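# next come a sequence and a model predicted from it.
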Amino acid sequence: MQPLVSPGAGPIPGVPSQQPTNLFRFGEITLYSSHGFTANTALANSANRIFTTPLGAQGQGFTTGLTKTETNLKEGGRIPSGQAYDVYGVATQVMAANNGFEAATAAVDLPFNDATATVQTLQGIVNNGVLSWDFTQTVVDICPVMLAGAGGGVYGAIAQNAAGANSGSMNNGNGGIWMYRKHPVALPGNTTFAILVQFGSRAPAIPSTFGVVIRVVLLGYYKSVIEIG
């Protein structure tokens, strides 16, 4: 008996004699990590490593364990075995925090709405901060913070009432992702890495009235191996 095929169809492809032992799963996810800076912290000439502290551990400016808001890394500074990650975008978020946030006793919810203090600090971080890859023995610059998902500059609106009280909020924007749009950075499984948040000599200090949390997000695709036999 001949197999039923369409007229003009080519030969039937051969069927493998063995079933596959693994499959690949693809998806789009983010990896993110945060660094806290307490009041009166001098930022000038500093290099601050992030993506090194996993979920639940202390570090990166926090004296209590990092929560889901601060990071989603289950293992600090390492891509899981059997999973590759391609980074096609970098974003940076600058947040004002109440004093004591590093010990989880206060919130990270202050608005940047005081042009003489908070907004000046926000501008100082955006204008003076630089991101770099830290691959243990090799450091590769990424971009200034103003290009990392910010689009450059400070955005928002502030209004002042008759009593002189400010309302509103300023931020470094949620603009388009600028880096790695054409040439993603490949991080194979077991890759050890960190991100450096660095500041030059002209960066301002954090004021005495509040703290700052900087969260860096890596956007990309992952590929993991699913063992099936």
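Arrived safely, thanks for sending.

# okay, now the unreliable bits of this structure?
Applying pLDDT under 70 to the chain flags residues 1-24, 115, 150-152, 174-177, 225-229.

# what about the closest residue to Pro54 other than its chain neighbours, distance to Ala157?
Among residues not flanking Pro54 along the chain, Gly76 sits closest, at 4.2 Å (Cβ to Cβ, 6 or more residues apart in numbering). Every C-beta, even on glycine, is put in place using the N, C-alpha and C of the backbone. To Ala157, Gly76 is 38 Å away according to Cβ to Cβ, to the nearest Å.

# who's in contact with the spatially closest residue to Leu110 that is not a sequence neighbour?
Spatial nearest neighbour of Leu110, excluding adjacent residues (Cβ to Cβ, 6+ apart): Ala96 at 3.8 Å. Applying Cβ atoms under 8 Å, 6 or more residues apart in numbering, one finds that Ala96 lies in contact with 108, 110-112, 118, 121-122, 210-212.

# go with 7 Å
By Cβ atoms under 7 Å, 6 or more residues apart in numbering, the contact set of Ala96 is 110-112, 118, 210, 212.

# that one belongs to a strand?
Yes: per DSSP: H, G, I helix; E, B strand; the rest coil, Ala96 lies within a strand segment.

# check the gap between it and Ser33 for me.
Counting by Cβ to Cβ - Ala96 and Ser33 are separated by 19 Å.

# next: Asn113.
27 Å.
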